[in-house]
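Participant: Fold the following, please.
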Amino acid sequence: MAAARRLKRVVASQPGFLNLKPSLDSADSVSSRRKRVNKNKKKNWNKHSDINDVEEFLDDIRHQERTTGGLLSEKSDDSLFFLDVGQPKKAEPKAAESDNRKVKTRKGKASRPLRIDLILQHDSLVPPPKDVLAYQQPNAKKLRRIAQKAEQLAAKGVVPRRQRQLLNRRPVARKAKMAVTEANNNPDREYYDIWEQEPKTSADPWYLHQTGKKAVKRPAKLNEKPSVLPAVEVIAPGGSYNPDFFSHQALLQEAHEVEVKKQKEENKVERQLAVNKEDTATEETILREQVEGLVEEEDEEEAAPNEEEEDAAVGAITLAEKKTERQRKREKAEKIKEQQRLAERHQTDQRQQLFQLRSIKSSIRQQEQRTEGKQKLRKAKQEAQKSQPRRLGKLKFQAQDLEVQLSDELAGSLRRLKPEGSVLKDRFKSLQKRNLIEPRERAKFKRRHKLKYVEKRAFREIT
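Facilitator: Next up, the predicted model:
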């Protein structure tokens with residue numbers, strides 16, 4: 001009992017505690033003979049311990065929190081007490097008469113809440129506990145990190161890939177609503193002739209496609225031109241019948257470069273097909289080739305012992321001694337040491353790279369610049385290839401020869417101008433250059449059967 005009294009005194013001495021229930025002050029509330037219990041065992045701690053005073057203390061605190069919203073010791077005097085100044089003064093008679101009239105006009109007493117509603121009302125001043133689960137959100141940390149990253153990119157002016165794809169997406173053309181057939185009894189419907197050849201426009205589009213009465217929509221790919229070159233290319237100013245001197249010289253220079261290029265290709269083929277005079281056969285080389293293979297007997301006898309020595313060497317290689325266990329262990333240990341040395345070397349190189357971050361960054365920057373330069377060259381090459389003829393067949397496109405006149409061949413007027421080239425050939429080459437038809441050659445006539453020559457009688461009579 002001494003321990004229980006001591007615990008009561010400790011509880012009563014706690015700051016902010018007020019005794020509202022007289023049960024805490026009575027020392028004779030629990031009078032029982034002390035039992036001799038072994039407190040060394042954990043199972044007897046709660047079973048034979050008196051905690052009623054602690055529970056009463058906690059109940060009293062919870063009661064104060066429900067009724068006053070907190071401990072009374074922490075409340076201010078103004079919230080606990082009020083000043084009683086007596087009965088309020090009576091109102092003026094006029095106001096009283098008007099109130100009486102109002103009361104008389106009302107039937108019955110003022111409406112009050114029912115007792116059951118008062119019981120169900122929340123009378124505790126303790127705020128409800130915060131529902132932690134209501135504020136939780138799945139993947140909240142990940143979404144918050146994504147939002148922060150998006151804000152940082154937006155501050156830098158960088159548009160995310162998904163947003164950029166949405167902005168660049170082509171607007172989808174809305175499908176036209178299916179035409180609704182009008183009722184036959186509608187007096188405002190259009191006149192329709194059943195003997196007319198053209199189908200009704202209000203029919204189902206799918207039905208018109210299946211019956212072949214409506215053309216198939218042309219793919220957008222077919223509307224693209226295969227080449228960016230114009231259909232008719234205007235010749236350079238130097239090709240006029242009375243050109244300027246400098247423009248005519250520029251055209252002559254261009255024609256000269258084309259001819260030089262052709263000449264270089266022809267010379268290259270001739271060099272490759274040329275025969276070297278040193279490689280021609282002479283009488284001495286012919287005799288050497290004829291004598292080759294004829295071996296004397298003495299040479300064969302000298303070669304015999306050499307062959308025996310070679311056989312002995314081969315046999316020595318094949319009959320090598322087997323490695324001992326000690327040699328195998330030594331080789332295995334050396335192999336392990338070599339692996340460890342390589343691993344240590346690799347770790348040392350990695351640690352050394354920490355001091356080379358600046359040079360590594362510069363090398364990465366240079367590599368990015370080279371990659372960017374290659375990308376620009378590749379794009380420029382692709383743009384240049386758009387104006388070049390593609391390989392559509394087994395033959396390459398051969399450009400047409402330039403139609404140019406020398407300085408002494410120029411005509412001063414249109415009357416003395418000599419026509420050059422062919423309009424048909426020019427149009428044919430233009431179709432090939434614009435990738436509309438493949439380059440081709442003129443079909444060669446090939447005779448199926450051999451010609452048979454026969455002598456006639458008239459020829460014999462003449463001879």
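Participant: pLDDT at Lys322, what is it?
Facilitator: Looking at Lys322, its pLDDT is 88.
Participant: That one: how many residues sit nearby?
Facilitator: Neighbour count for Lys322, taken as other C-beta atoms under 10 Å: 5. From N, CA and C alone the C-beta is placed, and that goes for glycine too.
Participant: now it: how far from Lys335?
Facilitator: 19 Å (C-beta to C-beta, to the nearest Å).
Participant: which residues in the stretch 301-450 of the chain form helices?
Facilitator: Taking DSSP state H, counting those that start in this stretch, the helices of the stretch 301-450 of the chain run over residues 325-353, 357-385, 423-433.
Participant: which of these is buried the deepest?
Facilitator: Among the helices of the stretch 301-450 of the chain, helix 423-433 has the highest mean neighbour count (mean count of other C-beta atoms under 10 Å), at a mean of 13.
Participant: same question for it, mean pLDDT?
Facilitator: 93.
Participant: From the chain's centroid, how far away is that helix?
Facilitator: Relative to the centre of its chain, helix 423-433 is centred 45 Å away, using C-alpha atoms, centre = their mean, to the nearest Å.
Participant: can you check stretch 115-130 too?
Facilitator: On C-alpha atoms, centre = their mean, the centre of stretch 115-130 falls 57 Å from the chain's centre.
Participant: can you dump the C-alpha coordinates of it into PDB?
Facilitator: The C-alpha trace of stretch 115-130 is given here as PDB (Å, rounded to 0.1, in the frame of the first residue of the first chain):
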ATOM      1  CA  ARG A 115     -34.000  15.700 -27.600                       C
ATOM      2  CA  ILE A 116     -32.800  12.900 -29.900                       C
ATOM      3  CA  ASP A 117     -31.000  15.500 -32.000                       C
ATOM      4  CA  LEU A 118     -29.400  17.000 -29.000                       C
ATOM      5  CA  ILE A 119     -28.100  13.600 -28.000                       C
ATOM      6  CA  LEU A 120     -26.700  12.900 -31.400                       C
ATOM      7  CA  GLN A 121     -24.900  16.300 -31.600                       C
ATOM      8  CA  HIS A 122     -21.100  16.400 -31.000                       C
ATOM      9  CA  ASP A 123     -20.600  17.700 -27.500                       C
ATOM     10  CA  SER A 124     -16.900  17.100 -27.200                       C
ATOM     11  CA  LEU A 125     -14.500  20.100 -27.500                       C
ATOM     12  CA  VAL A 126     -11.600  17.800 -28.500                       C
ATOM     13  CA  PRO A 127     -11.000  18.200 -32.200                       C
ATOM     14  CA  PRO A 128     -11.200  15.000 -34.200                       C
ATOM     15  CA  PRO A 129      -7.900  13.300 -35.000                       C
ATOM     16  CA  LYS A 130      -6.300  14.000 -38.300                       C
END
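Participant: Gln87 sits in which helix or strand?
Facilitator: Assigned by DSSP states H and E, Gln87 belongs to no helix or strand.
Participant: Chain neighbours aside, what residue packs nearest to Leu252?
Facilitator: Nearest residue to Leu252 in three dimensions, chain neighbours excluded: Val404, at 6.3 Å (C-beta to C-beta, 6 or more residues apart in numbering).
Participant: Out of the helices of the stretch 301-450 of the chain, the one nearest Gly86 is which?
Facilitator: Between Gly86 and those, the tightest spacing by C-beta to C-beta is seen for helix 357-385, at 87.6 Å.
Participant: how's this structure carved up into domains?
Facilitator: Here the domain parsing of the chain from automatic domain parsing is 2-76, 345-411+418-441.
Participant: tell me the average confidence for the first one?
Facilitator: When the per-residue pLDDT values of domain 2-76 are averaged, the result is 73.
Participant: Check stretch 160-170 too.
Facilitator: Mean pLDDT, stretch 160-170: 82.
Participant: Can you add distance to Val216 and give the helices of the stretch 301-450 of the chain back as TSV?
Facilitator: Written out in TSV, the entries for the helices of the stretch 301-450 of the chain read as follows (distance: least, C-beta to C-beta, whole Å):
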stretch	distance to Val216
helix 325-353	63
helix 357-385	32
helix 423-433	27
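Participant: Gly157 is nearest to which of these?
Facilitator: helix 357-385 (20.2 Å).
Participant: chain center to the closest one: distance?
Facilitator: Taking mean C-alpha positions (C-alpha atoms, centre = their mean), helix 357-385 and its chain are 21 Å apart.
Participant: In which helix or strand does Lys264 reside?
Facilitator: Using DSSP H and E, Lys264 falls within helix 245-273.
Participant: Report how many residues lie close to the residue lying closest to Asp401 once chain neighbours are set aside.
Facilitator: Distances taken as C-beta to C-beta, 6+ apart put Val258 closest to Asp401, at 7.8 Å, once the chain neighbours are dropped. Using other C-beta under 10 Å, Val258 is surrounded by 14 other residues.
Participant: and if you look at Asp60?
Facilitator: Residues near Asp60, counting by other C-beta under 10 Å, number 19.
Participant: Can you tell me the centre-most residue of this structure?
Facilitator: Using C-alpha atoms, centre = their mean, the residue of the chain that lies closest to the mean C-alpha position is Arg161, 7.9 Å off.
Participant: Point out where the stretch 51-200 of the chain drops to low pLDDT.
Facilitator: Applying pLDDT under 70 to the stretch 51-200 of the chain picks out residues 90-110, 170-187, 189-194, 196-200.
Participant: May I have the residues that are in contact with Leu153?
Facilitator: Contacts of Leu153 were listed using C-beta atoms under 8 Å, 6 or more residues apart in numbering, and they are 159-160.
Participant: so it is in which element?
Facilitator: Per DSSP H and E: helix 140-156 holds Leu153.
Participant: Give me the distance from the helix holding Lys264 to the chain's centre.
Facilitator: On the basis of C-alpha atoms, centre = their mean, helix 245-273 sits 50 Å off its chain's mean C-alpha point.
Participant: ok, and for it, which residues are buried?
Facilitator: 248, 251-252, 255 (16 or more other C-beta atoms under 10 Å).
Participant: how about the residues you listed in CSV, adding distance to His122 and pLDDT?
Facilitator: Below are these laid out as CSV (distance: C-beta to C-beta, whole Å; pLDDT from 0 to 100):
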residue, distance to His122, pLDDT
His248, 106, 93
Leu251, 102, 93
Leu252, 106, 93
Ala255, 104, 93
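Participant: List just the nearest of those residues to Ser76.
Facilitator: Taking C-beta to C-beta as the measure, Ser76 lies nearest Leu251 of those, at 107.8 Å.
Participant: For the closest residue to the closest one other than its chain neighbours, give me phi and psi.
Facilitator: Spatial nearest neighbour of Leu251, chain neighbours left out: Gly238 (3.1 Å); criterion: C-beta to C-beta, 6+ apart. Here is the backbone geometry of Gly238 (degrees, to the nearest 10): phi -70, psi -10.
Participant: which residues does Gly238 contact?
Facilitator: Gly238 neighbours (C-beta under 8 Å, 6+ apart): 244, 247-252, 404.
Participant: What is the nearest of those to Leu342?
Facilitator: Using C-beta to C-beta, the contacts of Gly238 come closest to Leu342 at Ala250, 66.4 Å.
Participant: And the pLDDT at that closest one?
Facilitator: pLDDT, Ala250: 94.
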